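Student: the sequence and its predicted three-dimensional model are supplied below.
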Amino acid sequence: MEVEILEDEEHHADLRSQQARPNTEQNGAAVKRRCFRAPAVTLGVMYLLMLAGIYIRYISVTLEKDQLQNRYDKLSNNYTQHQETASDITVNNSQLQAELQKLKDKIEGMRCPDGWTRFGCSCYFRSNEKRTWSQSRTDCQNKGADLVVINNKDENKFVSELNNMYGEFWIGLKTESTGSSYEWKWVDGSPLRETFSAAGLPAATWGRYAAFSNQQGQWRQSYDDFTKYYICEKRVSCIL
């Protein structure tokens, strides 16, 4: 019986050993599976994180590119506007300079040269030496003027007072042939119409006659090769 008991105990021990071996093998496989699963999960997480980082970087680069493009477009538009503004300013400056020059020319045109006296829209020069009528006119023309053309009583009074210390002076009136007759004509080509001071001026006849004015403002005739003082007239601007 003792032998049988021992055998039974050995038999039970073998059974327990056989039962325990599959559990051990199963536990080892489970451990191995867990060991392989952990790195796979880690790799998966890292992969997802890398994808997320790349996607975030892509979005960031795209946004930065859009911002740079918008900034470039704004700068380009501003540059174009500045160019247009600069062009407008250049045009305006040119126009202003042209207007200023015109204004300056008008102002200069209103001024009388040194030694000249203004009356109305003309400047007058009184000579201090005597010349013939033709010589007097040439001197006036060299000054950019001509012998005075008297158009009204006020102007006649002015030139008479301007030259009252010198006595008689040539005016821009002379006899000219019209083909069949002679007539008095001013140096600007206009005929004598106003006779307010021509009471002592005879009708135009053949000969080299020219008119002069005396200290009383009365017109007389004389040969144009006689020498007298003279008055030049230069037209200037009346208004701006």
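Tutor: Okay, I see it.

Student: show me where the chain has its helices.
Tutor: Applying DSSP state H to the chain gives helices spanning 2-110, 133-142, 153-162.

Student: which one of the ones you listed has the lowest average pLDDT?
Tutor: Between the helices of the chain, the one with the least mean pLDDT is helix 2-110; it has a mean of 72.

Student: what's the domain layout of the protein?
Tutor: 1-110, 117-235 (automatic domain parsing).

Student: can you list those domains in a markdown table and add mean neighbour count?
Tutor: (Each C-beta comes from the backbone N, C-alpha and C, glycine too.) Formatted as a markdown table, the domains of the chain follow (neighbours: other C-beta atoms under 10 Å):
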| stretch | mean neighbour count |
| --- | --- |
| domain 1-110 | 10 |
| domain 117-235 | 17 |
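
Student: got the angle for the lengthiest strand in the chain vs helix 133-142?
Tutor: Longest strand of the chain, by residue count under DSSP state E: strand 169-177. For strand 169-177 against helix 133-142, the angle by axes from the mean of the first three to the mean of the last three C-alpha atoms, to 10 degrees is 110 degrees.

Student: and strand 169-177, what does it pack against?
Tutor: Judged by 3 or more C-beta pairs under 8 Å, 6 or more residues apart in numbering; DSSP states H and E, strand 169-177 is in contact with helix 133-142, strand 146-147, strand 182-186, strand 209-213, strand 219-223, strand 229-235.

Student: by contact count, what packs against the longest one?
Tutor: Looking back up the chat, that one is helix 133-142. strand 146-147, strand 169-177, strand 229-235.

Student: one more time with 7 Å, if that's ok
Tutor: Applying 3 or more C-beta pairs under 7 Å, 6 or more residues apart in numbering; DSSP states H and E, one finds that helix 133-142 makes contact with strand 146-147, strand 169-177.

Student: weakest of these in terms of mean pLDDT?
Tutor: Across the helices and strands packed on helix 133-142, strand 169-177 has the smallest mean pLDDT, namely a mean of 92.

Student: so what touches it?
Tutor: Strand 169-177 is contacted by residues 133, 136, 146-150, 163, 182-187, 192, 204, 207, 209-213, 224, 228-231 when judged by C-beta atoms under 7 Å, 6 or more residues apart in numbering.
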